[in-house]
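Asker: No sequence on hand, only this structure:
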Ligand code: HH2
């Protein structure tokens, strides 16, 4: 296998982003920056490129190792946007942020991935797990995430025989294909919330160490997702609203990091960097 855990684990990626290898090793923290009107958590807040840059730099100051810029929401039922519109949203923000921090682009469109890499992104965060040829031809990193169907339909009664085994074999097969196809930095992500029930999300977290054991560095995104709201209902029995999901986000990010995830994708960067630092201190991060 060309990129076992460690090759692109915390030390190397931090050094690549300008970090000092003298700092304690810890899992990486990827900050979420959605330049969309409709993302489930930060939709509409950063559509103005200046506001997006400000938020990106704020996350850098909070310790983000990467900033993940997205121009199309993938929340359940989200409407697709055109390639031109998605480029119009993400390219100026990536150009402005890339001198300050490593930037990934969250897209499923090859044209957007190409434009983003041209603007300075060095990782393609791909929830469709199909874009590795773009990463191979530009020599950038790639994330293969698992999703059942499309964002429009993925929450319509997702069914698996064995969710953890099926997700693992899917992402590992895609990762091997990309690695053999020349992508030097391949990450895998179980796709929490993408075509999964609450129980299936918990099962994926429970079995995360088995995905880690496959040898590709693992990225996990639980931040503020709806299963956390449903697991922590409010006094009137409804799910906790997005702004009240920090505790669950931190608990699950910490769980993932202790299980060996090398990176977590989050909205609450400062708090998660603290948690990642604590996890790093325990020595649980794969060497
Ligand atoms: N989750 C979201 C989007 N992109 N990428 C990876 N690799 N892993 C994830 O878990 C993941 C992802 C959904 O969150 P968000 O970007 O905050 O919302 P939206 O899709 O509504 O823009």
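Answerer: Received, thanks. Note that the coordinates shown come from a computational prediction; the quantities given were computed from them, not determined experimentally.

Asker: all contacts plus neighbour counts: C-alpha atoms, from now on.
Answerer: Noted.

Asker: residue farthest from the centroid of the protein?
Answerer: Taking C-alpha atoms, centre = their mean, the residue of the chain most remote from its mean C-alpha position is residue 236, at 31.9 Å.

Asker: can you pull the buried residues of stretch 239-255?
Answerer: Under the neighbour-count criterion of 16 or more other C-alpha atoms under 10 Å, stretch 239-255 has 239-242, 245-246, 248-255 buried.

Asker: next one: stretch 131-140
Answerer: So, applying 16+ other C-alpha under 10 Å, buried residues of stretch 131-140: 131-136, 139-140.

Asker: Inside helices: which ones of those residues?
Answerer: Among the buried residues of stretch 131-140, the members falling in helices (DSSP state H) are 132-136.

Asker: Next, give me the two most distant ones among the buried residues of stretch 131-140.
Answerer: Put simply, by C-alpha to C-alpha the two of the buried residues of stretch 131-140 set farthest apart are 131 and 139, 12.7 Å from each other.

Asker: which parts of the stretch 1-150 of the chain sit against the ligand?
Answerer: Residues of the stretch 1-150 of the chain lying close to the ligand (C-alpha under 6 Å from any ligand atom) are 34, 39-41, 73-75, 125, 127, 145.

Asker: picking up where we left off before, how about the buried residues of stretch 131-140 in CSV, adding pLDDT?
Answerer: Shown next, in CSV, are the buried residues of stretch 131-140 (pLDDT from 0 to 100):
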residue, pLDDT
131, 98
132, 98
133, 98
134, 98
135, 98
136, 98
139, 98
140, 98
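
Asker: Export the residues you listed to CSV and append columns for distance to residue 69.
Answerer: Compiled in CSV, the buried residues of stretch 131-140 are given as follows (distance: C-alpha to C-alpha, whole Å):
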residue, distance to residue 69
131, 16
132, 18
133, 20
134, 17
135, 16
136, 20
139, 19
140, 15
